[in-house]
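K.L.:
with the input below, show me the fold.
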Amino acid sequence: MMSNDRKAYHAAVIPSGACRFDLLGVIIANGVTYVDRYGCYTCKCQNGLLNCTDNTCIAERAVALTCKGPDGKVYASGQSFKDADDCNTCTCFNGNIACTEMACLGPGSHRQLQATASSDHGILSSSSTYAGHIKTLNFQNYDVYGFDLDHTLAKYKLVELFKHAYTCVIDFLVEQRGYTRENINVDFDKYKDFICKGLFLDVKQGNILKLGVDGVILRASHGTHRLSKEQIKDIYGKDMKWKLSNTFAKTLANGVEEYRFFENYFDCPGLVATARLIDIIDEKDHLTKEKKAAEYSKAWRDVIDALVTMYTPSHFADGKGGYFPSVQKDPHQFVEKCSEDIKLWLKSLRQPDKLVFLLTASQIDYASCLLKVILGCNWQSYFDISLFHARKPGFFTDFKPFYKLEGEREGEVITELEMGGCYSQGNASDFSNFLGSCLGKNDLKVLYFGDSICSDCVPSKYTDWDSVLLLEEMDAEGYLCSDGTVPGHEQDAVDRISEPRHRMKENVFQHSSLVTEEEKELLLSDFWGPFLVDMPRKNQDSNIMMNTFWGDVISRYSDITVPSLEYLAGVPLDHEYTCFTAITAGERAGRDKEMKNDISSDLKTRITWREIDE
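P.N.:
Below you'll find the predicted structure:
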């Protein structure tokens, strides 16, 4: 695709074994420990690998990293505060202030806004709209398109994946941790309704939580048993707020000892196993509260060990761990072939002045096994360059080197990339520079497609990449994915209104659905409710709804969200998609009957949580 004189990008020359620390703009020699002049960072370079600690800074440096709020108070980096109108939330980042952009009626007024929707449709909309500019996204305006593999290009057969992963977890617990199979090897189908992406495990309490925007607990269980609102208040206080939610909101990272969030389909079967182990522990009446907490922690460590063993990348080549051997034996059992529409769409992206790349956390042996199924043996022809074992989200924030691939094995560190090649690890900074050099552009516009909120959507913003989030729950829950202007989906808006659904598990636009009826039973949960919004279990006629924690994160970090690539295939590249902003719903579920009548005023205020009765 590129001319010969633009095939290679040479990274900055670094002495052998030395390390580059871009945050401070220094190169550290091999074996040297470096401390910056403020005493904030201590970094040691060992054979090209950099290990840094963030120390307590001396006063001069600490003051430089603080921010002054509208109330005159000084806030440390990472602390948040309200703006002068008490409307938007501002956060201090190393001396710089970043604020949300919520439209307000006046000081404090945002707290009174509610999410409303037709009870027939269950679709989130706003009770207030505001005039203003709506940002749009046009694929044709981008220079580079990047794609994740798992749950993006590769659509897994979720029923097979869940059952196999659950069996692997149980086998590990029995064979490696001594649990009794009769106690824990329950019929997986019995707990299908318990599965829901985005839940949090409060390890020491043995509780599983669904959170709202502000960290308020919307629904909860102890093990597999539902907790009432009063029980939640007894445990977490009258405000029903999980105290670790603020910590998680700042980092979007797991705290293995205290909590775990279940973001993807690979680890959700581990949630079911953990809940079952908590049930078994609670049957031991002689245990004190403290001993039960210790048992909960041990049970979770056993499950996390099972998940690590299952998904350790080297186990694909070694034939270990349970998960990989089965996929290697029959990959068609676990993933779908890409449709011809998707293949043609991918090829249409490869234009003379544009690039297409693959960026996946999977190692090349596992990834190529899947790619041969979904795209065919010529899968490399769809991409200008491919990166494996990318170690996301660190790929977007760290500065790991690129490695040469020798067959399906990781070889030596390299300082040069070439178009058409396959590489391992690396970092977004150097990769963006390489892509820019190939196209002769400094202000490169990159659009990345991925399924992970925390590994794809949020961290890609560190590199100024825009993102398209793939969310299969949208298809399963029957969300309206078009306002009627998207080519090929004009009828969706009409169908969505003319065929009201009375049960959450109905889907009114089957022509665009890629999830099977069996998969819907896994993706939809009456126990936990929808993924993006939450509705009362009683008073189903109520029009009150509210955003979930993840619904809020998606609205802030994803530019558009769609159920699958199939939805995009066939749509002209120059179509204008409505993006998420702080005050717009964006191109996703969220158009109800009232909004359809005035699609031009598609703006909506971000919803804050308000308590509702069960």
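K.L.:
just the helices from the stretch 301-450 of the chain, written as ranges.
P.N.:
315-318, 323-329, 340-349, 364-374, 394-397, 428-439 (DSSP state H, counting those that start in this stretch).
K.L.:
which one of these lies closest to residue 67?
P.N.:
With Cβ to Cβ as the criterion, residue 67 lies closest to helix 394-397 of these, at 21.2 Å. In this view, the C-beta of every residue, glycine as well, is placed from N, C-alpha and C.
K.L.:
what lies in contact with that closest one?
P.N.:
359, 400, 425-428, 459-460, 462-463, 465 (Cβ atoms under 8 Å, 6 or more residues apart in numbering).
K.L.:
wait, isn't residue 429 in contact with residue 398?
P.N.:
No. Taking Cβ atoms under 8 Å as the definition, residue 429 is not a contact partner of residue 398, at 9.2 Å.
K.L.:
which neighbours do those two share?
P.N.:
With Cβ under 8 Å, 6+ apart, residue 429 and residue 398 have no common neighbours.
K.L.:
hmm, back to that, worst average pLDDT in the helices of the stretch 301-450 of the chain?
P.N.:
Ranked by mean pLDDT, the helices of the stretch 301-450 of the chain end with helix 394-397 at the bottom, a mean of 89.
K.L.:
mind listing what's buried along that one?
P.N.:
Within helix 394-397, the residues that count as buried by 16 or more other Cβ atoms under 10 Å are 394-396.
K.L.:
one more: stretch 269-280?
P.N.:
So stretch 269-280, judged by 16+ other Cβ under 10 Å, has buried residues 269-279.
K.L.:
just the residues you listed: which are in helices?
P.N.:
Within these, residues falling in helices by DSSP state H are 269-279.
K.L.:
what is the nearest of these to residue 46?
P.N.:
The closest of those, once distances to residue 46 are taken by Cβ to Cβ, is residue 270, at 33.9 Å.
K.L.:
and that closest one, how far from residue 323?
P.N.:
12 Å (Cβ to Cβ, to the nearest Å).
K.L.:
shared neighbours, those two?
P.N.:
Joint contacts of residue 270 and residue 323 (Cβ under 8 Å, 6+ apart) are residue 165.
K.L.:
and the chain, what are its domains?
P.N.:
As recorded under the TED database, the domains making up the chain are 19-52, 70-99, 139-155+335-487+514-596, 158-314.
K.L.:
could you dump those domains to CSV with distance to residue 327?
P.N.:
Output for those, formatted as CSV (distance: least, Cβ to Cβ, whole Å):
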stretch, distance to residue 327
domain 19-52, 31
domain 70-99, 40
domain 139-155+335-487+514-596, 7
domain 158-314, 8
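K.L.:
could you identify which of the ones you listed is most buried?
P.N.:
domain 139-155+335-487+514-596 (a mean of 20; mean count of other Cβ atoms under 10 Å).
K.L.:
show me the contacts for residue 349.
P.N.:
139, 145, 356, 573.
K.L.:
okay, and which of the residues you listed map to strands?
P.N.:
145, 356 (DSSP state E).
K.L.:
quick one: mean pLDDT for stretch 454-464?
P.N.:
86.
K.L.:
how far does it stretch from one end to the other?
P.N.:
Using Cα to Cα, to the nearest Å, the span of stretch 454-464 from its first residue to its last is 16 Å.
K.L.:
run through who's touching that stretch.
P.N.:
The contact list for stretch 454-464, computed with Cβ under 8 Å, 6+ apart, reads 148, 252-253, 263, 361, 392-393, 395-397, 428-429, 432, 446, 448, 450, 466-467, 469, 553-554, 557-558.
K.L.:
7 Å instead?
P.N.:
148, 252, 263, 392-393, 396-397, 428, 432, 448, 450, 467, 469, 557-558 (Cβ atoms under 7 Å, 6 or more residues apart in numbering).
K.L.:
per-residue confidence at the closest residue to residue 568 other than its chain neighbours?
P.N.:
Leaving aside its chain neighbours, residue 568 sits nearest to residue 562 (6.3 Å; criterion: Cβ to Cβ, 6 or more residues apart in numbering). Looking at residue 562, its pLDDT reads 88.
K.L.:
re the thing from before, make TSV from the contacts of helix 394-397 and add distance to residue 383 to it.
P.N.:
Shown next, in TSV, are the contacts of helix 394-397 (distance: Cβ to Cβ, whole Å):
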residue	distance to residue 383
359	10
400	21
425	17
426	15
427	19
428	17
459	21
460	18
462	23
463	19
465	16
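K.L.:
just the closest of the residues you listed to residue 176, please.
P.N.:
Out of those, the member with the shortest distance to residue 176 (by Cβ to Cβ) is residue 425, at 29.5 Å.
K.L.:
does the closest one touch residue 400 like I think?
P.N.:
Yes. Residue 425 is within contact range of residue 400, at 5.1 Å (criterion: Cβ atoms under 7 Å).
K.L.:
need the overlap of contacts for these two.
P.N.:
Joint contacts of residue 425 and residue 400 (Cβ under 7 Å, 6+ apart) are residue 391.
K.L.:
surely residue 414 touches residue 402?
P.N.:
Yes. Counting by Cβ under 7 Å, residue 402 is a contact partner of residue 414 at 5.4 Å.
K.L.:
could you check how far residue 147 is from residue 427?
P.N.:
In terms of Cβ to Cβ, residue 147 sits 18 Å off from residue 427.
K.L.:
quick one: low-confidence ranges for the stretch 101-250 of the chain?
P.N.:
Applying pLDDT under 70 to the stretch 101-250 of the chain flags residues 101-134, 185.
K.L.:
correct me, but residue 47 touches residue 30?
P.N.:
Yes. Assessed by Cβ under 7 Å, residue 47 is found in contact with residue 30 at 6.3 Å.
K.L.:
what separation is there between the nearest residue to residue 319 once chain neighbours are set aside and residue 190?
P.N.:
Leaving out its chain neighbours, the residue that sits closest to residue 319 by Cβ to Cβ, 6+ apart is residue 325, at 5.0 Å. As for residue 325, its distance to residue 190 is 27 Å (criterion: Cβ to Cβ).
K.L.:
can you check residue 207 too?
P.N.:
Counting by Cβ to Cβ - residue 207 and residue 190 are separated by 21 Å.
K.L.:
follow-up on the earlier one: out of the domains of the chain, which comes closest to residue 329?
P.N.:
Using Cβ to Cβ, the nearest of the domains of the chain to residue 329 is domain 139-155+335-487+514-596, at 10.2 Å.
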